[in-house]
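Q: have a look; sequence and predicted model below, questions after that.
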2 protein chains.
Amino acid sequence: MTGNKSSTKKELIAKENFSEWYDNVLLEAKLVDDRYPVKGFSVYTGWGMSIAKRIIGMLEEKLEENGNEPMQFPVVIPEDSFQKEEDHIEGFSAEVFWITHAGNNELERRLLLRPTSETAIYPMFKLWMRSHQDLPIKMHQTCNVYRYETKATRPLYRGREFLWNEGHTAHVDYEDAEQEVRAAVKAYRSVYDRLGLSYIMLKRPEFDKFAGADYSIAFDTWNPDGKVNQIGTVHQLGYNFAKAFNLTYEDDNGEQVLATNTCYGMGFGRTLAATISHHGDDHGLVLPPKVAPRQVVIVPILFKGKEDIAEEYAKELYGLIKDAGIRVVLDDDNRLNPGDKYYKWEMYGVPLRIEVGPREAQNKKATLVRRDNFEKIQVDEANLIKKINETFQAIFEKLRDKSKAKLDSLVVDAYDMDQLQVYMDARMIVRVNWCGDPDCAFNIKDMVSGEIRGTRWDVKEEPTGNCIFCKDEAKYVAYVSRTY
Amino acid sequence: MTGNKSSTKKELIAKENFSEWYDNVLLEAKLVDDRYPVKGFSVYTGWGMSIAKRIIGMLEEKLEENGNEPMQFPVVIPEDSFQKEEDHIEGFSAEVFWITHAGNNELERRLLLRPTSETAIYPMFKLWMRSHQDLPIKMHQTCNVYRYETKATRPLYRGREFLWNEGHTAHVDYEDAEQEVRAAVKAYRSVYDRLGLSYIMLKRPEFDKFAGADYSIAFDTWNPDGKVNQIGTVHQLGYNFAKAFNLTYEDDNGEQVLATNTCYGMGFGRTLAATISHHGDDHGLVLPPKVAPRQVVIVPILFKGKEDIAEEYAKELYGLIKDAGIRVVLDDDNRLNPGDKYYKWEMYGVPLRIEVGPREAQNKKATLVRRDNFEKIQVDEANLIKKINETFQAIFEKLRDKSKAKLDSLVVDAYDMDQLQVYMDARMIVRVNWCGDPDCAFNIKDMVSGEIRGTRWDVKEEPTGNCIFCKDEAKYVAYVSRTY
């Protein structure tokens, strides 16, 4: 779809120039096309959607193991449902799209496109919740949500339509909801971990929690441009929505008791953006084998007079690899020369390339080329499948370790505002001592353009000095960074 | 979620009373909940969405084998794109939802929710289409579309939001598009066939084709209430949209040539409705094994003092069946007695039940009970997996054959209007000779409340008399039925 490339080898763009590199990879690797004629709305194209579908499948499987039933709620929410939880309205009302007409009629009641689905889902939970035996209720849905973002949009990172999965649950009490928070975190981690993504788990400060939540936990990843990328959140909603939607159930004594809720969301756009940005290199995408739509590409190297040998052997290897359940493509398009094919499949990030020439055919061998480091590996046909699977694991570990090393190198400590400023300018993720006062957070943001993103949720960190801004006693170790 | 049923065995509703039966099954088998507070918008609940996901997976796999890349286009279409193809506007403009505001602002340009995506997709095809080497372009997407239906809505059959998959393609010429029409028909058939659904393939009359198409092919299935259910359509768009969107490409001679398009859509709501309605019985759903979220349920029968033997053997069988890749559930919820469990899993349509008591445990046997005919089958543990798979196939064939026999029994010939009226009142699907004049079709509809749905696409049928209405020479054998 991107035209005939047989005669024009394009120049590579260094990943150092992240913004240009990213825009180029999106189009060249058919991830996303941002030229849709409505601002903030993009098209997921073939390769991008294929990867997204695999990430979606990984998450959905985990959630269903966790007991979340797949459901699908309408995209429209009536205005009166939306307005039931006060903090929630305040948080979202400036961002919603309104449907006011249908056909030639004005609607009697305006409808909004869901910016998130609490206010669509909880009125139905109410119908399903009679006794404690009906609890917990646990669902999930993969869908698009709509937010009229006023900040600059960027494909996958920030759009007005975004593809996510949201989980919603109702529980008999606060402790059961706490357990669900931990279960959701575990499910999310298992997906990010299999993508080789490094991240920090932060409990967001009060002023930055989800509108209507008791508290919010977020997964923040690093990004090459120094702006942290939030790829998922898990929220303890406590009794807030249960009160607003009158979510009660009858307990063993016949009394009506208020339920509790949790909700959680994983943005597939941002998770895909992180996968692209963490692992990619100057040649384009580098995909973890688990989510690569094609995991192996076979490229026959044709020598005049010996075309048949290589072509036949390439087909033989193709059958062998396919039968082993590996997603393989045989690139036998003779309009392109091998070099152009390498360029193309490297851009697509296919983890392994197999080059097949007459010499390989005669010796029943294969030459594997790793996408991540271009290492060449000779292997006998008899050991091919085993070697491919081992190499997938090696590639995955390398990607994961590099991503982790990068994150570790970005996290630094600052003890005064000058130091913080220097690190912010260097696009680091900075640990500071913080008193907990939102005013200090706002002042920090004004001064250094970095936001207090929260405190570690997974490990306990003790402050080692006074608040970096006001110098009062610090209560927290907070993470400061630029952000999408 | 539907409350504690341990002490209240509900009464069954006969399928004869289709409307009541259907509404009851939707709720009891957790397929769809229609109580969402916006007219025409329903919630897919756990069991329904699980089945739908399997149907979706079957279709997507076939389409991707056919070369359609998965994509995802925005739900919003700008007004000016929507208005480019005249017949298309005329067909859909009375049915679209309009977004006019966002946050507190009025939008400069109104956006509509897609009623179908031609006008969202073809402007992007234009960007991707330079030379003939870029063709064909073939994509598919699973998404919801939105139509402000004024007819009575009914969950899964007719809603204002409906879940479907749409395929869109662009080709070098008309013949290539014709081939794609045939390929799409084949992909659709493979899904319906695996669901055991019987259907008639009709070429819609001119006055009922898709707005903007050259011609439309539809899959019509029977429905217990006598209204035919259209579960999928395939459209040859010819040059109509290509002209409207200026879809040209450069041919070998460097000249700009107009492309052609096809599109096709499968409604998952209606396909699910057909699966429910064709195969269900007085006890509830009967699911084809391929799409049953759970294919086997094991129910331990506990005798006092011998609970352990049956429970342990039930677990052993569970492990055995699960390891064979069969979707099995062990219902060991001791709040319910076996009879209540039977009731529940029969309502869910699980194809096979295995009853496990102390006698089965001692003899290393299992008793299989088929959901479709309640036949009991004794089998040794050693032959269990083989027998389960054979029985799945037998159930599938039985469902398929029954659906086909029902369709055959519904199709009759009428040669005059009185006869047609009698058959229409009996809710049959009636073959008539037709001159082809739309006025005759409209008169027929006025007189007998049946619509001319089209002429067979897959087989050639020759008229055997004059037009049933005007008595002029007949050109076609047309199918008349009531319809959703």
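A: In hand now; what should we look at? For clarity, every value in this text was computed on a predicted model and none was experimentally measured. Numbering: from 1, shown residues only, chains lettered A, B, ... in the order given.
Q: contacts for the helix or strand containing residue A:314?
A: Using DSSP states H and E, the element containing residue A:314 is helix A:307-323. By Cβ atoms under 8 Å, 6 or more residues apart in numbering or on different chains, the residues outside helix A:307-323 that reach it are A:296, A:298-303, A:328, A:330, A:332, A:354, A:356-358, A:360-362, A:366, A:381, A:384-385, A:388. The way it works is simple: take the backbone N, C-alpha and C, and place the C-beta from them, glycine included.
Q: quick one: list the elements packing against the longest helix along chain A.
A: Across chain A, the longest stretch assigned as helix under DSSP state H is helix A:384-410. Packed against helix A:384-410, as judged by 3 or more Cβ pairs under 8 Å, 6 or more residues apart in numbering or on different chains; DSSP states H and E, are the following elements: helix A:268-279, helix A:307-323, strand A:352-356, strand A:365-370, strand A:376-380.
Q: on contacts alone, who are the packing partners of the helix or strand just after the helix holding residue A:314?
A: Sequence order places strand A:328-330 as the next helix or strand after helix A:307-323, per DSSP H and E. Judged by 3+ Cβ pairs under 8 Å, 6+ apart, strand A:328-330 is in contact with strand A:296-300, helix A:307-323.
Q: tell me which other helices or strands the shortest one touches.
A: In this structure, strand A:296-300 makes packing contacts with helix A:307-323, strand A:328-330, helix A:338-347, strand A:352-356, judged by 3+ Cβ pairs under 8 Å, 6+ apart.
Q: quick one: strands adjacent to the shortest one?
A: Based on DSSP bridges, the strands next to strand A:328-330 in the sheet, each with its direction, are strand A:296-300 (parallel).
Q: quick one: average confidence on the partner strand?
A: The average pLDDT within strand A:296-300 is 97.
Q: mind listing what's buried in stretch A:288-295?
A: Residues of stretch A:288-295 classed as buried by neighbour count (16 or more other Cβ atoms under 10 Å in any protein chain shown): A:288-289, A:291-295.
Q: that one vs chain B: in contact?
A: No. Stretch A:288-295 does not reach chain B (Cβ under 8 Å from any Cβ of the partner chain); its nearest approach is 9.2 Å.
Q: which residue sits closest to residue A:157 in space, ignoring its chain neighbours?
A: residue A:484 (4.9 Å; Cβ to Cβ, 6 or more residues apart in numbering or on different chains).
Q: any idea which element residue A:183 lies in?
A: Take DSSP H and E as the rule and residue A:183 turns out to sit in helix A:174-194.
Q: mean confidence (pLDDT) on the next helix or strand after that helix, please.
A: Next along the chain after helix A:174-194, taking DSSP H and E as the criterion, comes strand A:200-203. Averaged across strand A:200-203, the pLDDT comes to 98.
Q: what's the distance between the closest residue to chain B within the stretch 151-300 of chain A and residue B:420?
A: Residue nearest to chain B within the stretch 151-300 of chain A: residue A:161 (5.5 Å; Cβ to the nearest Cβ). Applying Cβ to Cβ, to the nearest Å, the value for residue A:161 to residue B:420 is 49 Å.
Q: between those two, point out the one with more neighbours.
A: Legend: neighbour count by other Cβ atoms under 10 Å in any protein chain shown for residue A:161 and residue B:420, higher for residue B:420 (24 against 21).
Q: dump the residue contacts of that one.
A: Each residue near residue B:420 by Cβ under 8 Å, 6+ apart is listed here: B:414, B:430, B:432, B:444, B:448, B:450, B:468, B:480.
Q: dihedrals phi and psi, the closest residue to the fifth one other than its chain neighbours?
A: For residue B:448, the nearest residue in space outside its immediate sequence neighbours is residue B:424; the separation is 4.4 Å by Cβ to Cβ, 6+ apart. Taking degrees, to the nearest 10, you get phi -60, psi -40 for the backbone angles of residue B:424.
Q: who are the neighbours in contact with residue A:475?
A: A:434-436, A:463.
Q: pretty sure residue A:129 contacts residue A:135?
A: Yes. Taking Cβ atoms under 8 Å as the definition, residue A:129 is a contact partner of residue A:135 at 6.7 Å.
Q: what is in contact with those two at once?
A: Common neighbours of residue A:129 and residue A:135 (Cβ under 8 Å, 6+ apart) are A:170, A:249, A:259.
Q: the last one touches residue A:242, doesn't it?
A: Yes. Proximity of residue A:259 to residue A:242 meets the contact threshold set by Cβ under 8 Å, at 4.8 Å.
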